[in-house]
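>>> got a sequence here, can you model it:
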Amino acid sequence: MKKNLTLISLMLGVMMIVSAIGVVSADTIFSDNFNDNNLGGWSWTFEHDVGTSNSGTTYDSYYAWVEDDAILYKQISTSGYENINFAYCRRTKDACGDQFRIGWKTGSASSNWGSYTQLESVQTNSWSCVNFNLPSSADDDAISIAFFLDNGEGDIGRIDNVVVTGDEISGCGKCKVEIIDPDAGDYFCNEEVLIDWNATDCASTLYSVLYGGVIVDCNELGDEDWTSLGTTQPATELPWDVSSLSEGNYCVKVENIGCCVNDIEGPICIDCTEPEVDVCVEGCCPEGTESDEWLPETETTIGITYSDPENNCDQACALECMIDWDDGSPLEDCIDEGNTNCWDGTSTDRSCIHQYADDGVYTVTVTVTDCADNEGTDSNEATVENVLPVCSIEVLSSDIVEGMPLDFKGTAWDVVADLEIMTWLWYFDYNSDTATTYTSSYSPSVGYSSVTYEYDEARKL
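Below is the predicted model of the structure:
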């Protein structure tokens, strides 16, 4: 048995040292003695064939166990470390013909035992502890460890005091890379995006920049899903031309090559689809508006329908909706809940009112902008009719005496825009043959127009 294990160790390039833990590396990367009585952070193949216990003979209080062809496994990052050492204590319940196998691999954890490199196969009913110096492929990367009870019907494999250690790589253990921009939730379209980052305590100034997609969760990307955008040294920024990319979600990654330290940001949305907008002024507006013609100084109502079509980005985007009423008034936000001139119809409809000061033909334009600055716009005309002024005449003189002057007062209403240009024409007619006219101006500050006329004899006006 010892010869077989030695042969396996030599073939794998792994040196096994049997001791009471005896870890030779300096820094603890991961450890679990299971004394919290749970398997938090671990994965397994069959839920009812793994667990923790303190029954029977234990090495150190609680331990983990596997049985009946189950695998207990875990991924551990060794980024920034070298000379990786894997140590643990193990035993089987009985010394029978089954195999309690322990192995490791580089990269992501797997439930497939065939992907692991076996370190040893155990058949012993007493506790002992071992540690393994893993090859250099375990350095500065990620490793996975696994405990597998092969053909274990009726037996149990027990594990305790799992420890992974390593030596901090000079200049890399504290190296940090942090992407500043773009951030998760950013939107872009057919433009050059600047990826910039901060790097601290890194011995190397060489960086690799990559992107991956289309995906929602950046952590779902495997090594094969990333595409290189290039390397920089010592610059900490790199432009990213997204014009050739299809719409959807992407992630960006910046990696310090010397230390294999990276930062990932995303999802970032590439969205070039313009919002759709429809401005209604006739036939589809709220009740009470019968046509596209309104009187000045009355409330004009328009209906707005808008949407941001499917853009392959699984993120919500807050749209901006602005109305240009074409009369010199400020642009109006039709989505702002604080704007009482607009109200909801449905989740993608708005109705808005506006008061025009003067008659004319106005082009009402609504522009909807999405998070990638794509704009959708629609316009329609609102024809505002002229309103005739309303006037009245009042005789101010209390006594009407032949040869004495009479005072008349005229009042009128018109829209404010027309008051300054309003004039009065007074027409006095005593008989069918003779008529006298006067012209006077209207004073907005006074509010009326007046004229004095002198009759030379008593006549009926």
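>>> quick check: which element contains Trp343?
Secondary structure assignment for Trp343, by DSSP states H and E: strand 342-344.
>>> strands paired with that strand, and their directions?
Next to strand 342-344 in the sheet, as set by DSSP bridges, lie strand 349-355 (antiparallel).
>>> now the strand it pairs with: how far from the chain's centre is it?
29 Å (C-alpha atoms, centre = their mean, to the nearest Å).
>>> and it, which residues are buried?
350-352, 354 (16 or more other C-beta atoms under 10 Å). The way it works is simple: take the backbone N, C-alpha and C, and place the C-beta from them, glycine included.
>>> run a quick neighbour tally on Asp344.
11 (other C-beta atoms under 10 Å).
>>> nearest spatial neighbour of Phe147, skipping sequence neighbours?
The shortest distance from Phe147 to any non-neighbouring residue, by C-beta to C-beta, 6 or more residues apart in numbering, is to Leu72 (4.7 Å).
>>> the one you found and Asp359, how far apart?
83 Å (C-beta to C-beta, to the nearest Å).
>>> show me which of these two is the more surrounded one.
Leu72 (24 against 17).
>>> pLDDT at the more buried one, what is it?
We note a pLDDT of 96 for Leu72 in this prediction.
>>> for it, name its beta-bridge partners.
Applying DSSP bridges, one finds that Leu72 bridges with Trp44, Phe147.
>>> ok, Ile102 next?
Glu120, Phe147.
>>> what residues are up against it?
88, 90, 118-122, 145-148 (C-beta atoms under 8 Å, 6 or more residues apart in numbering).
>>> any idea which of the residues you listed is closest to Tyr81?
Lowest distance from Tyr81 to these (C-beta to C-beta) belongs to Ile145, with 14.9 Å.
>>> nearest spatial neighbour of the closest one, chain-adjacent residues omitted?
Per C-beta to C-beta, 6+ apart, closest to Ile145 is Trp104, 5.1 Å.
>>> quick one: contacts for the residue nearest to Phe147?
39, 42-44, 50, 64, 66, 146-148, 159.
>>> could you export these as JSON lines, including pLDDT and distance to Thr363?
Shown next, in JSON lines, are the contacts of Leu72 (pLDDT from 0 to 100; distance: C-beta to C-beta, whole Å):
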{"residue": "Leu39", "pLDDT": "94", "distance to Thr363": "68"}
{"residue": "Trp42", "pLDDT": "95", "distance to Thr363": "67"}
{"residue": "Ser43", "pLDDT": "94", "distance to Thr363": "63"}
{"residue": "Trp44", "pLDDT": "94", "distance to Thr363": "68"}
{"residue": "Val50", "pLDDT": "93", "distance to Thr363": "71"}
{"residue": "Ala64", "pLDDT": "94", "distance to Thr363": "74"}
{"residue": "Val66", "pLDDT": "92", "distance to Thr363": "75"}
{"residue": "Ala146", "pLDDT": "97", "distance to Thr363": "70"}
{"residue": "Phe147", "pLDDT": "96", "distance to Thr363": "74"}
{"residue": "Phe148", "pLDDT": "94", "distance to Thr363": "74"}
{"residue": "Ile159", "pLDDT": "94", "distance to Thr363": "77"}
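>>> so can I have JSON lines of the buried residues of strand 349-355 showing pLDDT and distance to Gly185?
Formatted as JSON lines, the buried residues of strand 349-355 follow (pLDDT from 0 to 100; distance: C-beta to C-beta, whole Å):
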{"residue": "Arg350", "pLDDT": "81", "distance to Gly185": "25"}
{"residue": "Ser351", "pLDDT": "82", "distance to Gly185": "31"}
{"residue": "Cys352", "pLDDT": "84", "distance to Gly185": "29"}
{"residue": "His354", "pLDDT": "83", "distance to Gly185": "34"}
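>>> report the beta-bridge partners for Asp333.
Beta-bridge partners of Asp333, as defined by DSSP bridges: Met322.
>>> if I look at it, how far off is Cys321?
Counting by C-beta to C-beta, the gap from Asp333 to Cys321 is 7 Å.
>>> who are the contact partners of Ser121?
99-102, 150.
>>> leaving out the residues flanking it, which one is nearest to Ile118?
Not Ile; residue 118 is Gln. Gly103 is the one closest to Gln118 (C-beta to C-beta, 6+ apart), at 4.5 Å.
>>> and the one you found, how close does it get to Asn341?
Applying C-beta to C-beta to Gly103 and Asn341 gives a distance of 70 Å.
>>> neighbour-wise, which of those two wins?
Gly103 (22 against 16).
>>> where do the helices sit along the stretch 301-450 of the chain?
416-419 (DSSP state H, counting those that start in this stretch).
>>> picking up where we left off before, between Asp333 and Cys321, which one's more packed in?
Cys321 (21 against 16).
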